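Asks: Predicted model and sequence below, questions to follow.
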Amino acid sequence: MKPKLRVNTYVSKPGYQKFVTRYDHKLEGYDQIVKFAPIYNESEDRQFDEDKQYEKKELSEIELQECLMHFVSISRLINLDTSSSDSVIFEFLNKWGSLTNAEDLGITDNDEVATDMSLSQFFWTESNFYHFSNDMREVIDLENKGKLKSARENYIDSIHSHVSTDIIFEDIDNRLSAVIEPRNLYEGLKYQFVTSLDNSNPIRICPMCNKFYQRKITAKQCSNRCKNKKSVRKFRSKK
């Protein structure tokens, strides 16, 4: 039986950008506002938690796949319009929450940042968003060209192939089952990405929204919304 993948994310209720602006995200040891900082976790002594400005959400398999396709699309959307990079990234964060959590920064009760952590990775700068998204996109391009060996090598070399997870055993539907729980959303996306590459359905670009999607070969758009949008556009063009 295939282990269940459980991926949790933290979604800001007022919207990620408003959340970051409101709390003026600054951390000891880092002297500037962190625009794409991770949303804080479940520490009881933090004002962020007391105000309940975000909520923990477990993503379904369908939602995780949609989140992955959205993340892979970030670099493409930025390439299409470099001036909109902030809005592209905030669109993702508003919908899916931060890719990493405060615990990833090694923050202690005294707000001290662990010196052995790669701060730039967990703070998620614009450059990091683009870089990690583009790495996955390049692997997909190689897959679509039939260069499977190169795609696998590219994934191992370019994307951090190590995933930190907890394996939990639970009673699910009267059966003892293994549950894989990645440390954060980004770790979950890396796991989901490998699963997607093993899927027989191709990963393509939706002609309506320019985002990647993975559905059966007969699906010409990423969603019913984009399908309806195409129908409306076609109808209006006939007038």
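Replies: Arrived safely, thanks for sending.

Asks: Any stretches of this protein with poor pLDDT?
Replies: Within the chain, the stretches with pLDDT under 70 are 1, 14, 17-35, 37-53, 102-123, 159-163, 235, 238-239.

Asks: Go again with 50.
Replies: 27-30, 43-50, 107-120 (pLDDT under 50).

Asks: what are the ranges of the strands in it?
Replies: Assigned by DSSP state E, the strands in the chain fall at 4-5, 7-12, 54-59, 165-172, 175-182, 203-205, 212-214.

Asks: Among these, which comes closest to residue 153?
Replies: Distances from residue 153 to each of the strands of the chain were compared by Cβ to Cβ, and the smallest falls on strand 203-205, at 18.3 Å. Backbone N, C-alpha and C define where each C-beta goes, glycine included.

Asks: Pairing partners for the closest one, with directions?
Replies: Sheet partners assigned to strand 203-205 using DSSP bridges are listed as strand 212-214 (antiparallel).

Asks: Now the strand it pairs with: buried residues?
Replies: Neighbour-count burial for strand 212-214, counted by 16 or more other Cβ atoms under 10 Å, picks out 212-214.

Asks: nearest to residue 101, of the residues you listed?
Replies: residue 212 (25.3 Å).

Asks: That closest one touches residue 75, doesn't it?
Replies: No: with contacts counted by Cβ atoms under 8 Å, residue 212 stays clear of residue 75, the gap being 10.3 Å.

Asks: From residue 210, how far off is the residue nearest to residue 211 when sequence neighbours are not counted?
Replies: Among residues not flanking residue 211 along the chain, residue 73 sits closest, at 4.0 Å (Cβ to Cβ, 6 or more residues apart in numbering). In this structure, residue 73 lies at 7 Å from residue 210, with Cβ to Cβ, to the nearest Å as the measure.
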